[in-house]
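Visitor: Sequence plus the predicted model coming up.
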Amino acid sequence: MNSKYTYLLVNSLSLFFPLVFSFLPQNKFYTRWRYLWPAIVIPAVFFIAWDIWFTEMGVWGFNEKYILGVFFFNLPVEETLFFICIPYACAFTYHSINILSGKDRVTHRASQIITDILCIFLIVTAIINLDKWYTASAFMVCAILLLLHRWVWKTSYLGRFYFAFVFILVPFFIVNGILTGTGIPEEVVWYNPNEFMGFRMGSIPFEDTFYGMALLLFNITIYEVCLPKKTKEK
């Protein structure tokens, strides 16, 4: 795969199957689109602004061999579409897994413990790596969102999010793997080695896991807020 359509194809395939399966009678995710769109658009504004800033700073960038060459500010149009396609696919996965599981697989107490451990790890790692823009910002943003859920909003769906996130990690590693160079000659998205820890899972920077967690938790938070109570109980 060495084409200017590479990034566009990755986005399209990420969206295609969740979109098709949204119309299955057992799923009917399309009936919740009115609650989903705010959950995609609002986080997208924040993350695209973050993306524009970091691209301008040279924290990361994009390989011109794999993009169309159409830009929104300094971002390839494919990068902007990423914040629509991937959140849709992940929200669909969250919805589907919670339907299939039938009940909360992670107890409220367990989700609190997981959150506390994650927050300690994320905050300590961010402080240690304050000289690295990507590491410090991704870990701190994720920690702040988790802390808000744990101590301020005291939400009931965090356990469901953790359970679904385990499954979301599978396509996450596939998509991010391709974007960071797995299976193709060069990276679609490159990272400044001075701005992250340098630890990679295959070709994927470790920070991407928690950047992705922050994005998806932001999406799911707004989605859950928008859902009417009677819809949540179905």
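Guide: Yep, it's here. It should be emphasised that the depicted structure is a prediction, and the values quoted were computed from it without experimental measurement. Numbering: from 1, shown residues only.
Visitor: Surely Ala138 and Gly212 touch.
Guide: No. Checked against C-beta atoms under 8 Å, the pair Ala138 and Gly212 is beyond contact range at 9.0 Å. C-betas here are computed from N, CA, C, even on glycine.
Visitor: Looking at the two, which is more packed in?
Guide: Ala138 (28 against 21; other C-beta atoms under 10 Å).
Visitor: Skipping adjacent residues, who's closest to that one in space?
Guide: Ranked by C-beta to C-beta, 6 or more residues apart in numbering and with sequence neighbours excluded, the top spatial neighbour of Ala138 is Tyr211, at 4.2 Å.
Visitor: ok, now which ones touch that neighbour?
Guide: Tyr134, Ala138, Val141, Cys142 (C-beta atoms under 8 Å, 6 or more residues apart in numbering).
Visitor: I'd like the average pLDDT over the host helix or strand of it.
Guide: Element membership for Tyr211 (DSSP states H and E) is helix 207-226. Mean pLDDT, helix 207-226: 97.
Visitor: Can you pull out the low-pLDDT segments for the chain?
Guide: The chain contains residues with pLDDT under 70 at 1-2, 230-234.
Visitor: and with 80 instead?
Guide: 1-2, 99-103, 229-234 (pLDDT under 80).
Visitor: Where do the strands of it begin and end?
Guide: For the chain, the strands defined by DSSP state E cover 60-62, 71-72, 75-76, 189-191, 200-201, 204-205.
Visitor: Out of these, which is closest to Pro171?
Guide: strand 204-205 (12.6 Å; C-beta to C-beta).
Visitor: counting contacts, what elements does that closest one pack onto?
Guide: Judged by 3 or more C-beta pairs under 8 Å, 6 or more residues apart in numbering; DSSP states H and E, strand 204-205 is in contact with helix 158-179.
Visitor: returning to that earlier point: how about the strands of the chain in TSV, adding distance to Thr115?
Guide: Below are these laid out as TSV (distance: least, C-beta to C-beta, whole Å):
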stretch	distance to Thr115
strand 60-62	28
strand 71-72	34
strand 75-76	32
strand 189-191	27
strand 200-201	22
strand 204-205	23
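Visitor: Surely Thr93 and Ile168 touch.
Guide: Yes. In this structure, Thr93 is within contact of Ile168 by C-beta under 8 Å, at 5.3 Å.
Visitor: quick one, what contacts Met57?
Guide: Trp133.
Visitor: Next: the one 3 residues further on.
Guide: In this structure, Trp60 makes contact with Phe54, Tyr134, Val189, Trp190, Tyr191, Asn192, Glu195, judged by C-beta under 8 Å, 6+ apart.
Visitor: Look up how far Ile128 lies from the first one.
Guide: What it means is Phe54. 20 Å (C-beta to C-beta, to the nearest Å).
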